[in-house]
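Visitor: Quick check, what structure comes out for this input:
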Amino acid sequence: TVDADLQAIVETHLARAVDTLDAVRGFAVFLDPRTGEIMAAVSVPHIGPGKASNWTFTDTYEPGSTYKVVVAGAALEEGVARPDQGVEASATGEALIAPGARFHDVHKQERYTFRDAVRWSSNIVMGRLGLMVGPERLYRYSTALGFGSLTGVGYPGESAGRLRSPSHWSAR
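Guide: A predicted model of the protein is given here:
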C-alpha cells in the first residue's frame, strides 16, 4: 500500500529535518486514516536491507505528543472539559503538575481554552487534564486506542509496546 510519490516526499523532508536538527535519527509513518494502510514509512538515516530492523515498527518509544490525543479525547468524552472551557497553563511556560512532575510549554500562556490547548499542543494543560481524567480512565482509553498492542499491519518483528497498568503509574 506504500505510495511511491508520498514515500519519496517524506524521505526528502525527514532527511532534511534530521540534518537541520542534527538529530541522530528520525521516523515517520503515514497511514490512511480510513483503512489503516501504510502510505509511507521512513527511517533516517536509511540502512540497507538486512543491515538493521525498521526502528519505526520494531523499537518501543514513549508516545510523546501523540498521547495528547488520548488525554484530550478522554477529557471530552468523560465531561472533564469542554471545547471553550478555560484551563490554567503558565505565563512562564513552566508548571509543577504533580510532585516531581514539572511540565514545560514553548508557548507561554496563563490560560488556554481547551480548544487552543489542543491547537498549540500545551503539555501543561494536557498534564492537568490527564490528572483530572485519572489513571483508570486514561488506561481504558489507551487500551481501546491500541496502546500496548500490535498495530495489525503484520510487520515482521513489530513491537507491541508496553503499557503498564495504572497501579504501576506515578505522577512523575
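
Visitor: going forward, measure contacts between C-alpha atoms and count neighbours the same way
Guide: OK.

Visitor: S43: neighbour count?
Guide: S43 has 19 neighbouring residues, counting by other Cα atoms under 10 Å.

Visitor: What is the burial count for the residue nearest to W169 when sequence neighbours are not counted?
Guide: Closest residue in space to W169, ignoring its immediate chain neighbours: P135 at 7.7 Å, by Cα to Cα, 6 or more residues apart in numbering. Using other Cα under 10 Å, P135 has 17 neighbouring residues.

Visitor: Can you find the helix or strand in this structure with the smallest mean pLDDT?
Guide: helix 55-58 (a mean of 72; mean pLDDT, DSSP states H and E).

Visitor: In this structure, what residue spans correspond to helices?
Guide: 4-21, 55-58, 68-77, 114-119, 123-133, 135-144 (DSSP state H).

Visitor: Now do the fourth one: which elements does it pack against?
Guide: Read that as helix 114-119. With contacts taken as 3 or more Cα pairs under 8 Å, 6 or more residues apart in numbering; DSSP states H and E, helix 114-119 sits against helix 123-133.

Visitor: so for the helix it packs on, what's the average pLDDT?
Guide: Here helix 123-133 scores 96 as its mean pLDDT.

Visitor: tell me the angle it makes with helix 135-144.
Guide: Interaxial angle of helix 123-133 relative to helix 135-144 (axes from the mean of the first three to the mean of the last three Cα atoms, to 10 degrees): 110 degrees.

Visitor: which helices and strands sit right next to helix 123-133?
Guide: helix 68-77, strand 86-90, strand 94-98, strand 101-104, helix 114-119.

Visitor: Only the buried residues of the longest one, if you could.
Guide: Pointing back at helix 68-77 there. K68, V70, V71, A72, A74, A75 (16 or more other Cα atoms under 10 Å).

Visitor: Nearest the geometric middle of the chain, what residue?
Guide: T66 (1.5 Å; Cα atoms, centre = their mean).

Visitor: Nice, that's everything, thank you.
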